[in-house]
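1. Here is my input, please return the structure:
(2 chains)
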Number of protein chains: 2
Amino acid sequence: MNNAQPIGVFDSGIGGMTVVRALIRLLPYENIVYFGDTARVPYGPKSPQVVREYALQDTDVLLQHDVKFIVTACNTVSAVALDIVQKRAKIPVVGVILPGAEAAVQTSKKKRIGVIGTLGTIFSNAYTNAIRQLDPNVQVFGQPCPLFVPLAEEGWIDHKATELIAKEYLFPLTLKKIDTLVLGCTHYPILRNVINKVLQDSVTLIDSGEATAVVVKKMLAELNLENTSKLKPNLQFYVSDVPHKFAEIGERFLGTKLGKVHRVEGFLS
Amino acid sequence: MNNAQPIGVFDSGIGGMTVVRALIRLLPYENIVYFGDTARVPYGPKSPQVVREYALQDTDVLLQHDVKFIVTACNTVSAVALDIVQKRAKIPVVGVILPGAEAAVQTSKKKRIGVIGTLGTIFSNAYTNAIRQLDPNVQVFGQPCPLFVPLAEEGWIDHKATELIAKEYLFPLTLKKIDTLVLGCTHYPILRNVINKVLQDSVTLIDSGEATAVVVKKMLAELNLENTSKLKPNLQFYVSDVPHKFAEIGERFLGTKLGKVHRVEGFLS
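-> Residues are numbered from 1 along each chain as shown, chains lettered A, B, ... in the order given. Predicted structure coming up:
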């Protein structure tokens, strides 16, 4: 293993760019290869069987780029397919569920934690199981928010309609008196302001992507896999399709220009 | 060709069920095979290149069921891939764009027509080109409404947020003084009430699916392909994935119970 090899990150689409942003902040010298399966996004409403099949194909794309470490940035993949990605990759693999769960357990004083995510993530109970394994005394309340992904992709970040939708989704969680809320989907940090507004700052938000970046940094150090070069790293972006508005959305997620985005040819055949 | 062979209908997902509903009303004795590519829905934000590839695979699924006629219920497919579906199928193929365009031209007195649809459909200019070929004096105003598909799939049919979103999308069209609006996406008839409310009944809505069913009936008669049996027809539903809430959504679209929904195995490999 060569320390200059890139970290591979994949997601169902562009949402995982929030994880890339967190990685760049914490690990500014690491080379990164990102793959977004934009031809088949979203994974959230799809069955575990299909998500597992797609996750393996996504893993193979990253392995072709000779990555030293894989981050499954997609919560849905992390919830239902982490085991087979680990089996296929034979290199260290980290999902976003366990880091998010750990951060939430460390944060919650009232031991009442809410989790929002896609239908796939919430129905899998992955966060609930992870949190309760860390602390069986914590109560966990899950809430799917399927419209948050299209709203974030459309950039309706501070629209009145987004606030109404957020109120409807989050109201049941406020009744449960949670003090901590896991943003269990990589798109949701984009809507952080409106979520905060609806919850009136009474709840601490946990960004699973940020928590994951902390874990990746720690593991790279432990495994002695950190890049020793202090040169500007190489960031490469690959997608299975280049949809309308891709560059615009990607910039919003990453908070900076993307440079060239490559389409993985032959991926769909 | 055997007249008892089914009509094949395909869509990116479940939206095409509104077309099936229109077909059943007009052609109550026809056997129908429906395929929804629920593993890769939605097609609307994807590139024409990818949509064309998917459309061919969808066509092959229907051809395996020995269909006598194909309806590409998906507006995005009809807009960017009808030519290759026709080439592959070698049987009569009808899309939803031309029937919708014809109905709109016949309806509009002011010759000012609005078209709403996915990004893919609107950016393709397929409706504009079809309408202006029928009548060069008509002015056409397109408006993508990307959030309508997830809102319809979620069943937020008369929610205040849906109305706000509809107002934002439709306001530019009201400024253009249209008198006719084409619902250029199979999901949109589900939101017909809220669209009517926002437009205050000043605009006639054209459901491309209903217009297509009229054309299919006419073509079957002309080609002498109508089913002569007056027995209860066989309706078969196939999907590439069975997502959460599938049955619930399907019933909402079809207006009746679906019966068994089959998953096409091996379709993703």
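
2. Give me the neighbour count for residue A:222.
-> Counted with other CB atoms under 10 Å in any protein chain shown, residues neighbouring residue A:222 total 10. For glycine as for every other residue, the C-beta is placed from the backbone atoms N, C-alpha and C.

3. Sorry, wrong one. I was asking about residue A:192.
-> Neighbours around residue A:192, by other CB under 10 Å: 14.

4. Show the backbone phi and psi for the residue nearest to it when sequence neighbours are not counted.
-> Computed as CB to CB, 6 or more residues apart in numbering or on different chains, the closest residue to residue A:192 that is not its neighbour in sequence is residue A:205, at 6.2 Å. Taking degrees, to the nearest 10, you get phi -90, psi 140 for the backbone angles of residue A:205.

5. residues in contact with residue A:205?
-> Contacts of residue A:205 were listed using CB atoms under 8 Å, 6 or more residues apart in numbering or on different chains, and they are A:181, A:183, A:192, A:195, A:196.

6. Tell me how far the helix or strand of chain A with the lowest mean pLDDT lies from the chain's centre.
-> When each helix and strand of chain A is scored by mean pLDDT, DSSP states H and E, helix A:246-254 comes last, with a mean of 77. Distance of helix A:246-254 from the chain centroid (CA atoms, centre = their mean, to the nearest Å) equals 15 Å.

7. what's the answer for stretch A:191-211, then?
-> On CA atoms, centre = their mean, the centre of stretch A:191-211 falls 15 Å from the chain's centre.

8. May I see the buried residues of that stretch?
-> For stretch A:191-211, a neighbour-count test (16 or more other CB atoms under 10 Å in any protein chain shown) marks A:191, A:194-196, A:198-199, A:203-211 as buried.

9. rewinding a little: and the residue nearest to residue A:192, how far from chain B?
-> 22 Å (CB to the nearest CB, to the nearest Å).

10. Report the beta-bridge partner residues of that residue.
-> For residue A:205, the beta-bridge partners under DSSP bridges are residue A:181.

11. follow-up on the earlier one: next, format the contacts of residue A:205 as TSV and append secondary structure and pLDDT.
-> What follows is the contacts of residue A:205, written out as TSV (DSSP: H, G, I helix; E, B strand; the rest coil; pLDDT from 0 to 100):
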residue	secondary structure	pLDDT
A:181	strand	98
A:183	strand	98
A:192	helix	94
A:195	helix	97
A:196	helix	95
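
12. Nearest to chain B, out of these: which one, please.
-> Nearest to chain B out of the contacts of residue A:205 is residue A:195 (CB to the nearest CB; 15.2 Å).

13. The closest one reaches residue A:187, doesn't it?
-> No: in this structure, residue A:195 is not within contact of residue A:187 by CB atoms under 8 Å, at 11.6 Å.

14. Buried residues of stretch A:16-25, list them for me.
-> Of the residues in stretch A:16-25, those buried (16+ other CB under 10 Å) are A:16, A:17, A:18, A:19, A:20, A:21, A:22, A:23, A:24.

15. Who are the packing partners of the host helix or strand of the last one?
-> If I follow you right, that is residue A:24. Here residue A:24 sits within helix A:17-26, counting by DSSP states H and E. The contact analysis (3 or more CB pairs under 8 Å, 6 or more residues apart in numbering or on different chains; DSSP states H and E) places helix A:17-26 against strand A:7-11, strand A:32-36, helix A:208-222, helix A:246-254.

16. any idea of the mean pLDDT in the longest one?
-> Think helix A:208-222. The pLDDT scores in helix A:208-222 average 97.

17. As CSV, could you dump the C-alpha coordinates of that helix?
-> Extracted in CSV, the C-alpha atoms of helix A:208-222 (Å, rounded to 0.1, in the frame of the first residue of the first chain):
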residue,chain,number,x,y,z
SER,A,208,-22.8,12.1,10.0
GLY,A,209,-20.4,13.2,7.3
GLU,A,210,-18.4,15.4,9.6
ALA,A,211,-18.3,12.6,12.2
THR,A,212,-17.1,10.2,9.6
ALA,A,213,-14.2,12.5,8.5
VAL,A,214,-13.0,12.4,12.1
VAL,A,215,-13.0,8.6,12.1
VAL,A,216,-11.3,8.4,8.8
LYS,A,217,-8.5,10.7,10.0
LYS,A,218,-8.0,8.6,13.2
MET,A,219,-8.0,5.3,11.2
LEU,A,220,-5.5,6.6,8.6
ALA,A,221,-3.2,7.6,11.5
GLU,A,222,-3.6,4.2,13.2
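
18. Identify the residues contacting that helix?
-> A:7, A:16, A:18-19, A:21-23, A:25-27, A:30, A:69, A:71, A:73, A:75, A:92, A:94-100, A:102-103, A:182-184, A:186, A:189, A:225-226.

19. between that helix and strand A:7-11, what angle do the directions make?
-> Counting by axes from the mean of the first three to the mean of the last three CA atoms, to 10 degrees, helix A:208-222 lies at 160 degrees to strand A:7-11.

20. Spell out whether the helix or strand just after helix A:208-222 and chain B are in contact.
-> Next along the chain after helix A:208-222, taking DSSP H and E as the criterion, comes strand A:235-239. No: for strand A:235-239, no contact with chain B is found by CB under 8 Å from any CB of the partner chain; the gap never falls below 10.0 Å.
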